[in-house]
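Undergrad: here you go, sequence then predicted model.
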Amino acid sequence: EPEVTQTPSHQVTQMGQEVILRCVPISNHLYFYWYRQILGQKVEFLVSFYNNEISEKSEIFDDQFSVERPDGSNFTLKIRSTKLEDSAMYFCASSETGSFMYEQFFGPGTRLTVL
Amino acid sequence: AQSVTQLDSQVPVFEEAPVELRCNYSSSVSVYLFWYVQYPNQGLQLLLKYLSGSTLVESINGFEAEFNKSQTSFHLRKPSVHISDTAEYFCAVSVAGTSYDKVIFGPGTSLSVIP
């Protein structure tokens, strides 16, 4: 069964460093998403991406964040200068279309720890 | 603005006992409702969804949820839980966005099944 994969599973970094979280969405999906979940809190939407550009982003997704689909398979989230409060689980998701009627499939997540 | 409330952050229940996980939402427009499950160290999986039609929806592993428009609720129930049901459960709503439908998550309920 096709699935969304994410690497690494756990990333530890120093405050101020850049990190890149990688995701491989399901191959025939066209919409891609990043969500984050701070420990003990709810899952929050960060950004959606379609046709090589951002469709929508939340207030959380400030200038420190960027997304890219560098090739036909990977979808990356870059945090330019990490802060302590960026520590969270980051989930990538993909769907066939942008409609709610098509399930968003989630990856297992990358746990980011900023020291 | 749309929001999702899950009143119970933790629900311990004995194996083979029934369980209900509560979910309420607020929205000024029609919404579509979901329950996602997150097993330990895994990503989010769609458990069931309500889009239209019958207000009672079921999952393949014995969970069911009932959409109650007047009470703005979408409670999740199972008549007899198993150890393997231990997980975090997230209620979510989908609202129409500019280019795709955004999923808004509740804070989650941690279900612990006690042998």
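TA: It's in.

Undergrad: my read: B:Gln45 touches B:Val37, true?
TA: Yes: between B:Gln45 and B:Val37 a contact is recorded at 5.3 Å, counting by Cβ atoms under 8 Å. (C-beta placed from N, C-alpha, C; glycine too.)

Undergrad: ok, those two, which is more surrounded?
TA: Taking neighbours as other Cβ atoms under 10 Å in any protein chain shown, B:Gln45 and B:Val37 compare with B:Val37 leading, 20 against 14.

Undergrad: return the helix or strand in chain B with minimum mean pLDDT.
TA: Every helix and strand of chain B was ranked by mean pLDDT, DSSP states H and E. The lowest is strand B:101-105, at a mean of 76.

Undergrad: surely B:Val19 touches B:Asp8?
TA: No: B:Val19 is not in contact with B:Asp8 according to Cβ under 8 Å; the separation is 10.1 Å.

Undergrad: for the two, indicate the residue with more neighbours.
TA: Between B:Val19 and B:Asp8, B:Val19 has the larger neighbour count (other Cβ under 10 Å), namely 20 against 14.

Undergrad: who is that one paired with across the strands?
TA: Note on B:Val19: beta-bridge partners B:Lys78, judged by DSSP bridges.

Undergrad: can you give me every residue that contacts it?
TA: B:Val11, B:Val13, B:Arg77, B:Lys78, B:Val81, B:Asp85, B:Leu111 (Cβ atoms under 8 Å, 6 or more residues apart in numbering or on different chains).

Undergrad: could you export those residues as JSON lines, including neighbour count?
TA: What follows is the contacts of B:Val19, written out as JSON lines (neighbours: other Cβ atoms under 10 Å in any protein chain shown):
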{"residue": "B:Val11", "neighbour count": "17"}
{"residue": "B:Val13", "neighbour count": "18"}
{"residue": "B:Arg77", "neighbour count": "15"}
{"residue": "B:Lys78", "neighbour count": "20"}
{"residue": "B:Val81", "neighbour count": "22"}
{"residue": "B:Asp85", "neighbour count": "20"}
{"residue": "B:Leu111", "neighbour count": "21"}
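
Undergrad: mind listing what's buried in the helix or strand containing B:Gln45?
TA: If you go by DSSP states H and E, B:Gln45 is part of strand B:44-50. Of the residues in strand B:44-50, B:Leu44, B:Leu47, B:Leu48, B:Lys49, B:Tyr50 count as buried by neighbour count, 16 or more other Cβ atoms under 10 Å in any protein chain shown.

Undergrad: again, but for stretch A:4-20
TA: A:Val4, A:Gln6, A:Gln11, A:Thr13, A:Val19.

Undergrad: where's the dip in pLDDT among those residues?
TA: When the buried residues of stretch A:4-20 are compared by pLDDT, A:Val4 scores lowest at 92.
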